[in-house]
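>>> Next come a sequence and a model predicted from it.
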Amino acid sequence: ATPTAVMVATGIGAKHGVLIKGGDALEMAQKVTYVIFDKTGTLTQGKATVTTAKVFTGMDRGEFLRLVASAEASSEHPLAKAVVEYARHFHFFEPSDTKDSQKNDKDSKYSGWLLDVSNFIAVPGRGVRCSVDGKHVLIGNRKLLTENGMAIPTHVEKFLVELEEGAQTGVLVACDDVLIGVLGIADPLKREAAVVVEGLIKMGITPVMVTGDNWRTAQAVAKEVGIHDVRAEVMPAGKAEVVRSFQSNGSVVAMVGDGINDSPALAAADVGMAIGAGTDVAIEAADYVLMRSNLEDVITAIDLSKKTFTRIR
Ligand code: ADP
Ligand code: MG
């Protein structure tokens with residue numbers, strides 16, 4: 001393609017909210033044979049919502065949520081935001097989208113409600129660990145608990161499986177080495193996700209899903225969206241390895257993601273596509289930015305590349 005054609009295509013892309021970082025990126029997209037999608041925030045809305053909160057001990061529900069929200073308030077994770085939102089709702093007994101004037105007042109009342117947190121650590125692919133009011137708190141998945149020497153009792157495991165088979169993520173809460181509760185969190189698919197997956201398959205491109213989430217939830221979500229190749233319980237560095245494993249048999253790979261944990265994979269891919277609503281780190285690592293955060297633009301980008309490069313050759 002001539003420099004003019006590249007410029008025109010870049011302009012057309014921009015009009016659709018598809019930012020293309022250079023001619024190489026534009027040329028590569030037409031050759032893509034695999035599109036690897038991150039799950040949370042990419043295939044799903046990333047607007048996770050707490051559906052259930054089960055307290056196992058005699059602990060008061062309000063106190064339980066207060067403890068959990070205090071710990072998760074320091075985390076940027078979509079799951080953490082859902083937990084904080086839920087606790088806030090519970091605390092005020094009304095939706096958070098009240099008038100702004102009231103909201104400021106509520107913000108300070110809410111932060112006053114939260115407990116003192118120290119030694120906060122975000123454990124990648126696991127959850128969070130911290131001290132809340134001097135108590136040792138763990139919030140996250142099975143691995144987080146077992147790696148900290150805790151066992152998952154049968155009745156809790158049963159409840160987790162139930163949640164996961166319904167495409168939900170179970171978040172475990174432990175306090176001073178006692179498992180005190182589980183939160184069920186649902187994150188609905190983006191409305192266009194299944195159509196885009198189907199469209200890619202029709203174009204002869206294989207969709208793949210990669211996620212840090214557990215196998216059961218991952219498979220339930222993949223089934224809903226129509227993806228057959230799933231890689232679950234993958235650590236951030238592992239996502240880049242998945243990209244490379246596809247490349248090693250000569251495939252041209254696109255990676256679509258939104259999170260900090262996706263950035264190594266976005267950089268490793270032949271074509272990295274960042275969700276516009278995603279983190280700055282992901283946007284920086286990518287070759288394309290999908291400003292509308294709409295997955296249809298994955299196809300828009302590939303089509304644009306095809307039209308620009310196949311016609312002229
Ligand atoms: P994804 O690849 O789906 O974006 P992550 O690698 O960010 O997932 O996280 C993997 C898993 O670790 C989550 O599904 C969750 O079980 C757990 N996790 C991570 N951060 C948190 C947190 N702040 N609170 C609760 N659980 C968490
Ligand atoms: Mg994500």
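Looks like it came in fine. A quick note: this is a predicted structure, and the numbers were derived from the prediction, not measured. Numbering: from 1, shown residues only. Ligands and ions are numbered 1, 2, ... in the order given.
>>> residue boundaries of the helices in the stretch 151-300 of the chain?
Counting by DSSP state H, counting those that start in this stretch, the stretch 151-300 of the chain has helices at residues 154-165, 193-202, 215-225, 236-247, 263-268, 280-285, 296-310.
>>> which helices and strands sit right next to the third one?
Pointing back at helix 215-225 there. Applying 3 or more CB pairs under 8 Å, 6 or more residues apart in numbering; DSSP states H and E, we find helix 215-225 packed against helix 154-165, helix 193-202, strand 206-210, strand 229-231. (Glycine included, C-beta is placed from N, CA and C.)
>>> From residue 300, how far off is the spatially closest residue to residue 9 that is not a sequence neighbour?
Using CB to CB, 6 or more residues apart in numbering and skipping the chain neighbours, the partner closest in space to residue 9 is residue 308 (4.3 Å). Applying CB to CB, to the nearest Å, the value for residue 308 to residue 300 is 12 Å.
>>> swap in residue 218?
Distance, residue 218 to residue 300, by CB to CB: 27 Å.
>>> the more surrounded of those two?
Regarding residue 218 and residue 300, a neighbour count based on other CB atoms under 10 Å identifies residue 218 as having more, with 24 against 20.
>>> quick one: contacts for the closest residue to the more buried one other than its chain neighbours?
In space, residue 218 comes closest to residue 232 once its chain neighbours are excluded; the distance is 3.7 Å by CB to CB, 6+ apart. By CB atoms under 8 Å, 6 or more residues apart in numbering, the contact list for residue 232 reads 210-211, 213-215, 217-219.
>>> which phi and psi does residue 232 have?
phi -110, psi 170 (degrees, to the nearest 10).
>>> Redo the helices and strands packed on helix 215-225 as a markdown table? Include mean neighbour count, distance to ligand 1 and mean pLDDT.
What follows is those, written out as a markdown table (neighbours: other CB atoms under 10 Å; distance: least, CB to the nearest ligand atom, whole Å; pLDDT from 0 to 100):
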| stretch | mean neighbour count | distance to ligand 1 | mean pLDDT |
| --- | --- | --- | --- |
| helix 154-165 | 15 | 10 | 96 |
| helix 193-202 | 18 | 14 | 98 |
| strand 206-210 | 22 | 7 | 98 |
| strand 229-231 | 16 | 10 | 98 |
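>>> out of the ones you listed, nearest to residue 33?
Closest to residue 33 of the helices and strands packed on helix 215-225, according to CB to CB: strand 206-210, at 6.7 Å.
>>> Which neighbours in the sheet does that closest one have, and how are they oriented?
strand 34-38 (parallel), strand 229-231 (parallel) (DSSP bridges).
>>> can you tell me the average pLDDT over the first one?
Which is strand 34-38. Strand 34-38 shows an average pLDDT of 98 in the prediction.
>>> Quick check: which ranges of the stretch 101-250 of the chain have low pLDDT?
Residue ranges of the stretch 101-250 of the chain with pLDDT under 70: 101-104.
>>> and with 90 instead?
101-113, 124-125, 235-237 (pLDDT under 90).
>>> ok, residue 130 to ligand 1 distance?
11 Å (CB to the nearest ligand atom, to the nearest Å).
>>> Then residue 189?
13 Å.
>>> returning to that earlier point: make JSON lines from the strands paired with strand 206-210 and add distance to residue 119 to it.
Converted to JSON lines, those look like this (distance: least, CB to CB, whole Å):
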{"stretch": "strand 34-38", "distance to residue 119": "29"}
{"stretch": "strand 229-231", "distance to residue 119": "32"}
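>>> Kindly present those as a markdown table, with separate columns for distance to ligand 2.
Converted to a markdown table, those look like this (distance: least, CB to the ion, whole Å):
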| stretch | distance to ligand 2 |
| --- | --- |
| strand 34-38 | 4 |
| strand 229-231 | 14 |
